[in-house]
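# task: produce atomic coordinates for the following.
(one chain, ligands or ions: 2)
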Amino acid sequence: PFNYMPNSYHMDPSDPCYDVCHRLVRDMTQYGVCVLDNFLGKEKGLLVRNEVLEMYRLGIFSAGQLVSNPKSKDSQTVRSDLITWIDGKETYCQYIKHLITQVDNIVLRANKMANNGRMGDYLINGRTKAMVACYPGLGSHYVKHVDNPNKDGRCITAIYYLNLDWDVMKCGGLLRVFPEGTDQVADIAPIFDRMLFFWSDRRNPHEVQPAYSTRYAITLWYFDSQERELALKKYKEQATSALLKRAQRK
Ligand SMILES: Cc1cc(NC(=O)CCC(=O)O)nc(C)c1Br
Ligand SMILES: [Fe+3]
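Numbering: from 1, shown residues only. Ligands and ions are numbered 1, 2, ... in the order given. Model (predicted):
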């Protein structure tokens, strides 16, 4: 989905994206987590939010897989968010598409701008569709997990929050990141027009604490070309050998 910029790509400091990209490169390199507030601005942010609310009203969301928590005895579910996947071409998502384009541009430019065109030593060349998630309040949450524990190719998690007047004391719903190698936790309130990036692998286990108001977020996962290629190759091999085994049994 990206049109590659030449490797010798350098931004001029007057480019408005320049400082945001610098922020992203610096924070990802230093902390592995980056928070950008007022990402789209109030007007555009509200337009994106209205599209998501409209989708929710239309019943487009479906329940995220309810995995029963293996550890706990009662049948409590480990996540109770509602999700839907958007590629941005849908007629009712023009502003979500605008958001996706903005995030693509910043991630791609930051990747190109970092030392010799790699941020975190990744070469980012693609991403998943956008996952629009809604935690319907009532204590809905997501247990501590790693997005990409086994090298499936995803290197950066990018989350855009849409929640107006979100007060964590009243509404909960805090995203708590437990960066590897330190006792420090990063508590991120899912506030309106906030953009969050973090490395998707084991460096950043995270959880969503119980939310008591409806909590919306849009997530994109960016692929590292090499890790993704390897993951797909391994996946194909596993699928083929599974087919062969089944064929031999017949
Ligand atoms: C589908 C899916 C969603 C998430 N979302 C969060 O971690 C919540 C982040 C937030 O809303 O603050 N993570 C994984 C590993 C999968 Br899979
Ligand atoms: Fe996650």
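# next, the buried residues of stretch 109-122.
Buried residues in stretch 109-122, defined by neighbour count with 16 or more other Cβ atoms under 10 Å: R109, A110, N111, K112, M113, A114, M119, G120, Y122. Every residue, glycine included, has its C-beta placed from N, CA and C.
# switch those residues over to JSON lines; also include secondary structure.
Output for the buried residues of stretch 109-122, formatted as JSON lines (DSSP: H, G, I helix; E, B strand; the rest coil):
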{"residue": "R109", "secondary structure": "helix"}
{"residue": "A110", "secondary structure": "helix"}
{"residue": "N111", "secondary structure": "helix"}
{"residue": "K112", "secondary structure": "helix"}
{"residue": "M113", "secondary structure": "helix"}
{"residue": "A114", "secondary structure": "coil"}
{"residue": "M119", "secondary structure": "strand"}
{"residue": "G120", "secondary structure": "coil"}
{"residue": "Y122", "secondary structure": "strand"}
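# of those, which are in range of ligand 1?
If you filter those for contact with ligand 1, counting by Cβ under 6 Å from any ligand atom, you are left with nothing.
# got phi/psi on the nearest residue to S225 once chain neighbours are set aside?
Computed as Cβ to Cβ, 6 or more residues apart in numbering, the closest residue to S225 that is not its neighbour in sequence is N125, at 4.2 Å. Recorded main-chain torsions at N125 are phi -140, psi 20, according to degrees, to the nearest 10.
# interface residues of this protein facing ligand 1?
Taking Cβ under 6 Å from any ligand atom as the criterion, the contact residues of the chain with ligand 1 come out as G64, M131, A133, Y142, H145, D147, I159, L175, P190, H206, V208, A217.
# give me the neighbour count for the residue nearest to the fifth one when sequence neighbours are not counted.
Nearest residue to H145, sequence neighbours excluded (Cβ to Cβ, 6+ apart): P205, at 6.6 Å. By the measure other Cβ atoms under 10 Å, the count of residues near P205 is 17.
# who are the contact partners of the residue in the chain that ligand 1 sits nearest to?
Across the chain, no residue is closer to ligand 1 than L175, which sits at 3.6 Å (Cβ to the nearest ligand atom). Contacts were defined as Cβ atoms under 8 Å, 6 or more residues apart in numbering; by that measure L175 touches I159, D187, I188, A189, P190, L196, H206, E207, V208, Q209.
# from Y95, how far out is it?
L175 sits at a distance of 23 Å from Y95 (criterion: Cβ to Cβ, to the nearest Å).
# where does this structure dip in pLDDT?
Low-confidence segments of the chain (pLDDT under 70): 1-11, 64-79, 115-118.
# how far away from the center of its chain is the longest strand seen in the chain?
Residue-count comparison of every strand in the chain, with assignments taken from DSSP state E, identifies strand 214-224 as the longest. For strand 214-224, the separation from the chain centroid amounts to 3 Å (computed by Cα atoms, centre = their mean, to the nearest Å).
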